[in-house]
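[1] 3D, please:
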Amino acid sequence: MLNRTDRPSPMPGEADVKYLDGDFRVVRPGGFVRCAVTGVSIPLEELRYWSVDLQEAYATPEAVLQRHSAAYTRKT
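    Here you go, the predicted structure:
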């Protein structure tokens with residue numbers, strides 16, 4: 001298994017990632033993950049935003065807010 005500090009050469013395809021508090025672990029190697037809100041590809045070296053509880057990645061802070069505001073409106 002690889003973690004964020006291991007930097008092998010990028011592999012083609014989508015990675016399978018386990019999102020942890022402050023870090024993530026690559027379960028299946030790949031070059032990117034997909035944003036859960038926008039669907040855009042996020043290169044692993046640029047991955048900064050994710051949800052541990054939902055186990056999903058986000059491309060931007062705006063995508064995080066969009067996901068959380070949608071979850072909030074469903075609860076009310």
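[2] shaky segments in the chain?
    1-11, 71-76 (pLDDT under 70).
[3] Now do the most centrally placed residue in it against Leu65, distance only.
    Relative to the mean C-alpha position of the chain, the nearest C-alpha, by C-alpha atoms, centre = their mean, is the one of Ala57, at 2.4 Å. Separation of Ala57 from Leu65 (C-beta to C-beta, to the nearest Å): 15 Å. All C-beta atoms are positioned from the backbone trio N, CA, C, and that covers glycine.
[4] try Ala59
    Ala59 is 12 Å from Leu65, by C-beta to C-beta.
[5] Show me which of those two is the more surrounded one.
    Comparing Ala59 with Leu65 by other C-beta atoms under 10 Å, the one with more neighbours is Ala59, at 21 against 12.
[6] Leaving out the residues flanking it, which one is nearest to the more buried one?
    The spatially closest residue to Ala59, leaving aside those adjacent along the chain, is Cys35, at 3.9 Å (C-beta to C-beta, 6 or more residues apart in numbering).
[7] For that neighbour, name its beta-bridge partners.
    Cys35 has these beta-bridge partners by DSSP bridges: Ala57.
[8] check contacts around it.
    Contacts here follow C-beta atoms under 8 Å, 6 or more residues apart in numbering; on that basis Cys35 touches 41-42, 57-60, 63.
[9] Can you redo those residues as a markdown table, where the extra columns are secondary structure?
    Shown next, in a markdown table, are the contacts of Cys35 (DSSP: H, G, I helix; E, B strand; the rest coil):
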| residue | secondary structure |
| --- | --- |
| Ser41 | strand |
| Ile42 | strand |
| Ala57 | strand |
| Tyr58 | strand |
| Ala59 | coil |
| Thr60 | coil |
| Ala63 | helix |
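[10] The residue nearest to Ser51 when sequence neighbours are not counted: helix or strand, and which one exactly?
    Closest residue in space to Ser51, ignoring its immediate chain neighbours: Tyr19 at 6.7 Å, by C-beta to C-beta, 6+ apart. Assigned by DSSP states H and E, Tyr19 belongs to strand 16-20.
[11] Understood, closing this out.
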